[in-house]
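Colleague: I'll drop the sequence and a predicted model, then ask my questions.
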Amino acid sequence: MTIYSFFIFDRHCNCIYNREFTQTSAAGVNNGLINKNNTSHSSKLLFGIIYSLKSLSAKLISENELTSFTLGQSFRFHFWESVTSYKFVVVTGYDVDDMQQVLVRLHQYFVDCVASNGLTPVEFKWSANGEKLDNVGYSVICNNSFVEETDQYLQSLSIY
Amino acid sequence: MSEEILDRQTYVNSRSLDFLLQELIPTSIRVSHKLMNSQQSSVEEQDVPTTIDQQLSSIEGDLPGTVNVLDSSLIHNDEVTIRVENYGYNLGVKIAEVLLYRAGGNKIVDILDIMKFVCRDVWKCLYNKQMDNLRTNHRGTFVLVDTNYKLISALNSPHGMQDTLSKAKVYMWFPCGVIRGILSNFGIEANVTAEITQFPSVTFNIHTAINN
């Protein structure tokens, strides 16, 4: 049981938060990458897969929302979308079952530390062709309180 | 009859109030910016619904949902802070009467009672908590401490603590105005300043001319 990474996508399909955990024996401080792969192919592909699976599942079974899916024998992707179209994705090991409560909780942190925070934007600025406009640091979520609180929460879970 | 009107409480969602108060500073900056450039664009504008790609002011990058407006050099402009303080003052003047009416039983005799009124009733009404500490030197100076001031407690800038503090300082003019407005409604001229001692703990210093 492992948590590999955590993504947030906004309604413009951009990856606004990307946290990758490296599993080390030393517990705690800042292991892994924060906001390093927002524009990488893997996060774009992940968004693409989720987008198509979501519409597929909506067509196959109406009233059924996509919550998680599995790739191969090693990864499970947990998905939750807020009404404002922020998509929360957590990638875990194959054997992790239900993460909906966790994702809802992560959204609560998002509301507390990003939406209620007057110094952080809620519209993240990217150029039309999917490049970060990184000159001012307003293109991704990078304020400390959000990073710290979500890290702390995810690392406190038994599945981490 | 009038009692019924006050008792028919309409509650405001506290999140909505938070968001509204947060918009104080950006709005004030936009107004100042517009007034400064008013000679250029004197054309009357109509009310149009705001869309996501509509510039809210001619400040660079000022689009809905973004916070670039706070990086404008106008944020520490006197005109902006005075306007924010004024918003608070007007609120304070009005809210003092309503709350005093509702508090009813409490007799307010001297200035210390007024300060207690601010700490208890006013803070309870605005932030659903009381001030954490009230000190006085009995010579007209009062120190009110709120160890977790709600208006700024959620602020956290991606540029680090320094930036958070410098922007939070502007927000502090609003509660200063509220306190000054309440005191002035009680007939007390006061000078209120706020200090962020250890974020998000806030100390309000109130200087009055009254000796008690």
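Modeller: Nice, thanks for sending it over.

Colleague: Check which helix or strand residue A:49 maps to.
Modeller: Per DSSP states H and E, residue A:49 falls inside helix A:41-60.

Colleague: Show me what the next helix or strand after that helix pairs with in its sheet, parallel or antiparallel.
Modeller: Next in sequence after helix A:41-60, counting helices and strands by DSSP H and E, comes strand A:68-71. In the sheet, strand A:68-71 lines up against strand A:75-81 (antiparallel) (DSSP bridges).

Colleague: among the helices and strands of the chain, which has the poorest mean pLDDT?
Modeller: This is for chain A. Lowest mean confidence among the helices and strands of chain A (mean pLDDT, DSSP states H and E): strand A:33-34, at a mean of 80.

Colleague: looking at chain B here, not the other one
Modeller: Per-SSE averages on chain B (mean pLDDT, DSSP H and E): minimum helix B:2-7, a mean of 58.

Colleague: Which parts of chain A are helices?
Modeller: A:41-60, A:100-110, A:144-156 (DSSP state H).

Colleague: Can you add mean neighbour count and distance to chain B and give the ones you listed back as a markdown table?
Modeller: Yep, even glycine has a C-beta here, placed from its N, CA and C like the rest. As requested, these are exported to a markdown table (neighbours: other C-beta atoms under 10 Å in any protein chain shown; distance: least, C-beta to the nearest C-beta, whole Å):
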| stretch | mean neighbour count | distance to chain B |
| --- | --- | --- |
| helix A:41-60 | 14 | 20 |
| helix A:100-110 | 17 | 12 |
| helix A:144-156 | 16 | 4 |
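
Colleague: Can you tell me the closest non-neighbouring residue to the residue of chain A found nearest chain B?
Modeller: Chain A approaches chain B most closely through residue A:123 (3.0 Å), counting by C-beta to the nearest C-beta. Sequence neighbours aside, residue B:65 is the residue nearest to residue A:123 in space, at 3.0 Å (criterion: C-beta to C-beta, 6 or more residues apart in numbering or on different chains).

Colleague: ok, the one you found - contacts?
Modeller: A:121, A:122, A:123, B:52 (C-beta atoms under 8 Å, 6 or more residues apart in numbering or on different chains).

Colleague: Three-state assignment for the residue nearest to the first one when sequence neighbours are not counted, please.
Modeller: This points to residue A:121. Nearest residue to residue A:121, sequence neighbours excluded (C-beta to C-beta, 6+ apart): residue B:66, at 4.4 Å. Under DSSP: H, G, I helix; E, B strand; the rest coil, residue B:66 falls in the coil class.
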